[in-house]
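*Asks:* Sequence and computational prediction follow.
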Amino acid sequence: MSFLDCMSCGFGAVILFFMIINSHVNATTENDNSELMAETNRLEIEVLEGRKNLALARNTKQKLEVEKEDAESKIAQIIALIKELQAELDKYDQDTLAKIERVEKLQSDIKSLEEEVKRLLAIKREQDAAGEQIREFRGDGDRQYLTGLRLGGERTLILVDRSASMLSDTLVNIIRRRNLPEAEQLRSRKWRQVIATVDWLTSQFSEEDQYQVYMFNNVAEPAIRGSEGVWLKAEDGSQLDEAVRVLRRTVPKNGTNMHSAFAVAKTLSPRPDNIILLVDGMPTMDAATTDKRVIGASERLNLFSRAVRELPSGVPINVMLFPMEGDFDAPISFWSLALTSNGSFMTVSRDWP
């Protein structure tokens, strides 16, 4: 072969070699580009989703900020309302304390008048004894001209409610006053009015009368210790004074067990011919203890009905009711008791006696 043929063959072989290599390079490049494009498209989709989620997050954030502002506005309104109510409550407490101070100031004047009142009552009793009685109920008691309350009889039983409700006429003040010191509780207007009423009742006795004073809350006990089941003589003025002094030192507390109070009448022999009941509402229990923290109106009415069964028949029940806030069944129930027993019923005003 000639040299030129060799060179041509060699050059042709080199060209063929490069063409083969170039075809493989193009194929590899096309494969690589398709994979990269797929990855690029996937990333672009993720970026779009991320932007979409970011937009949603921003909208949610704005919505939460608006709700937060609304909540803060409502909180500010509630705080302002609380401050306003607190101011009203403080004003109410100040007014109440001012009234208490005025009442305590008047107590000194009342004490100076007590002796004069007793003297006038003694004169009145003498005049009543000397004059003609308007209407006499021997054994059932005598009807008092001014009050309509049946008084008199040979044996009078006075039952005094000393439960916690005797601290005030309203539930709010009862709760507030029972947390005060005992000295403050004893100065409660309602309780002092009850004591003044007992003092007035005992001043109506004649020397030949017999009496007994019992206090009751969750239990019933005589005002004069050691006199259970025994009639006391009204001619002993020191015992009458002691009974009133005991009441003045007694703090109203606990619930109202009217069952034990009415059962007292059966323990006295001979039985009373007149019962005077000083009370402010329906009973809340029928035993010395109870596990109930709340009792409804219908349950209290049932307790009252069961307690009435303890009363002896034929004895007039004279009720002096010191009205209590929210106890709507009390007036009609005690009025019915007084009516059926041939007694009397009186709702005590704030300035009596």
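*Replies:* Nice, thanks for sending it over.
*Asks:* Quick check: which ranges of the stretch 251-353 of the chain have low pLDDT?
*Replies:* 353 (pLDDT under 70).
*Asks:* all strands in this protein, in order from the N-terminus.
*Replies:* Along the chain, the stretches classed as strands by DSSP state E are 142-143, 150-151, 155-161, 210-216, 220-222, 232-233, 274-279, 317-321, 345-347.
*Asks:* Put together TSV for the ones you listed, with distance to Ala263 and mean neighbour count on each row.
*Replies:* (C-beta placed from N, C-alpha, C; glycine too.) As requested, the strands of the chain are arranged in TSV below (distance: least, C-beta to C-beta, whole Å; neighbours: other C-beta atoms under 10 Å):
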stretch	distance to Ala263	mean neighbour count
strand 142-143	26	18
strand 150-151	22	22
strand 155-161	11	23
strand 210-216	10	23
strand 220-222	7	19
strand 232-233	19	17
strand 274-279	12	25
strand 317-321	14	25
strand 345-347	22	17
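*Asks:* want to throw those strands into a markdown table with distance to Ile174?
*Replies:* Shown next, in a markdown table, are these (distance: least, C-beta to C-beta, whole Å):
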| stretch | distance to Ile174 |
| --- | --- |
| strand 142-143 | 33 |
| strand 150-151 | 30 |
| strand 155-161 | 13 |
| strand 210-216 | 17 |
| strand 220-222 | 21 |
| strand 232-233 | 32 |
| strand 274-279 | 15 |
| strand 317-321 | 17 |
| strand 345-347 | 19 |
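*Asks:* Can you say which of those is nearest to Val244?
*Replies:* Among those, strand 210-216 comes nearest to Val244, with 8.6 Å by C-beta to C-beta.
*Asks:* to the chain's geometric centre, what's the distance from that closest one?
*Replies:* In terms of C-alpha atoms, centre = their mean, to the nearest Å, the centre of strand 210-216 is found 30 Å from the chain centre.
*Asks:* now do stretch 9-18
*Replies:* With C-alpha atoms, centre = their mean as the basis, stretch 9-18 stands 113 Å off its chain's centre.
*Asks:* residue contacts, the nearest residue to Glu221 once chain neighbours are set aside?
*Replies:* Counting by C-beta to C-beta, 6 or more residues apart in numbering, Glu221 lies nearest to Met215, which is 6.1 Å off, once chain neighbours are set aside. Going by C-beta atoms under 8 Å, 6 or more residues apart in numbering, Met215 touches 160, 162, 221-223, 247, 250.
*Asks:* What of Asp199?
*Replies:* Residues counted as contacts of Asp199 (C-beta under 8 Å, 6+ apart) are Val244.
*Asks:* Check His259 too.
*Replies:* Going by C-beta under 8 Å, 6+ apart, His259 touches 283, 286-287, 303, 306-307, 310.
*Asks:* Can you say which of those residues are buried?
*Replies:* The neighbour count (16 or more other C-beta atoms under 10 Å) marks 283, 286, 303, 307, 310 as buried among these.
*Asks:* Which one of these is nearest to Glu228?
*Replies:* Glu310 (16.3 Å).
*Asks:* what ranges do the helices span in the stretch 51-200 of the chain?
*Replies:* Assigned by DSSP state H, counting those that start in this stretch, the helices in the stretch 51-200 of the chain fall at 171-177, 182-186, 189-202.
*Asks:* Which residues does the second one contact?
*Replies:* Helix 182-186 has contacts (C-beta under 8 Å, 6+ apart) with 167, 177-178, 191-192, 248-249, 251-252.
*Asks:* likewise the first one?
*Replies:* Residues outside helix 171-177 that contact it (C-beta under 8 Å, 6+ apart) are 96, 164-165, 167-168, 184-185, 188, 325-326.
*Asks:* buried residues in that helix?
*Replies:* Residues 173-174, 177 are the ones in helix 171-177 that count as buried (16+ other C-beta under 10 Å).
*Asks:* pLDDT weak spots in the stretch 101-250 of the chain?
*Replies:* Counting by pLDDT under 70, the stretch 101-250 of the chain contains low-confidence ranges at 123-152.
*Asks:* one more time with 90, if that's ok
*Replies:* Across the stretch 101-250 of the chain, the ranges flagged by pLDDT under 90 are 101-154, 171-172, 175, 178, 200-209, 226-227, 229, 234-240.
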